[in-house]
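> Please find the sequence and the predicted model below.
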Amino acid sequence: MTTQRMGELEFFVGRWDAPGVFHETPFGARKPIDMRIDTVREPGGFWITLNTAELPTPDNPAPLSARYVWGYDSATDEFVADWYDSNGGRGVQRSKGWEGDRLVFLGTITMNGATVPLRDTFTRRGPDAYHHIGEIDLGAGWIAVDEEEAVRREARA
């Protein structure tokens with residue numbers, strides 16, 4: 001059952017170009033981002049790993065990178081996501097799975113000594129494209145942190 005449910009995340013396996021933006025937040029100014037995402041299925045089929053890397057640009061001289069590990073918890077019938085980034089941030093999230101073309105992970109992000117609610121929403125735009133928005137709640141409702149339009153540049157077997 002676990003590896004069968006993991007097949008639902010197969011859409012993400014491959015290499016992606018994901019240009020986007022970090023929105024203005026209390027943590028920083030708005031800046032464009034040019035991101036590459038490389039997603040692989042781990043041996044055994046129980047996990048997929050997503051490695052994200054922003055490319056350095058004049059507008060983004062200190063690019064962020066992150067590693068996400070997604071799996072499935074059969075005891076709760078939920079997908080799980082754990083991730084870590086190059087700024088010391090980390091997240092723990094869960095998802096019930098796809099609802100139509102939307103996949104939402106809810107949980108928390110810990111950064112700079114604080115833990116706040118985090119929501120990542122992925123919307124399929126076709127077989128080789130998706131929109132992502134990451135949002136946090138600092139106590140007054142969800143605010144957008146980052147947003148990307150990902151386009152597959154290479155499939156993975």
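Nice, thanks for sending it over. If you're wondering where the values come from, they're calculated on a predicted model, not measured in any experiment.

> okay, CA-based contacts and neighbour counts for the rest of this
Noted.

> How many residues are close by Glu24?
14 (other C-alpha atoms under 10 Å).

> Grab the nearest non-local neighbour of it.
Arg30 (4.2 Å; C-alpha to C-alpha, 6 or more residues apart in numbering).

> With Asp85 instead?
Residue nearest to Asp85 in three dimensions, not counting chain neighbours: Ala66, with 4.0 Å by C-alpha to C-alpha, 6+ apart.

> Please tell me the pLDDT value assigned to the residue nearest to Glu24.
At Arg30, the model reports a pLDDT of 93.

> measure it to Val151 for me?
Arg30 is 22 Å from Val151, where distance means C-alpha to C-alpha, to the nearest Å.

> Same check on Trp16?
In terms of C-alpha to C-alpha, Trp16 sits 5 Å off from Val151.

> Quick check: the gap between the residue sitting nearest the centre point of the chain and Arg94.
In the chain, the residue lying closest to the centroid (C-alpha atoms, centre = their mean) is Asp120, at 6.3 Å. For Asp120, the distance to Arg94 equals 10 Å [C-alpha to C-alpha].

> So for these two, which residues contact both of them?
Taking C-alpha atoms under 8 Å, 6 or more residues apart in numbering as the contact rule, the neighbours common to Asp120 and Arg94 are 105-106.

> list the helices and strands the worst-scoring helix or strand of the chain on mean pLDDT packs on?
Sorting the helices and strands of the chain by mean pLDDT, DSSP states H and E puts helix 2-6 at the bottom, at a mean of 82. Applying 3 or more C-alpha pairs under 8 Å, 6 or more residues apart in numbering; DSSP states H and E, we find helix 2-6 packed against strand 65-73.

> Would you map the strands across the chain?
Chain-ordered strands for the chain, with DSSP state E as the definition, fall at 14-22, 31-41, 47-54, 65-73, 78-85, 90-95, 98-99, 102-111, 114-126, 129-137, 142-155.

> So, low pLDDT: which residues of this protein?
Within the chain, the ranges that satisfy pLDDT under 70 run 1-2, 156-157.

> The spatially closest residue to His23 that is not a sequence neighbour: how many residues sit nearby?
Nearest residue to His23, sequence neighbours excluded (C-alpha to C-alpha, 6+ apart): Arg30, at 4.6 Å. Arg30: 14 surrounding residues under other C-alpha under 10 Å.
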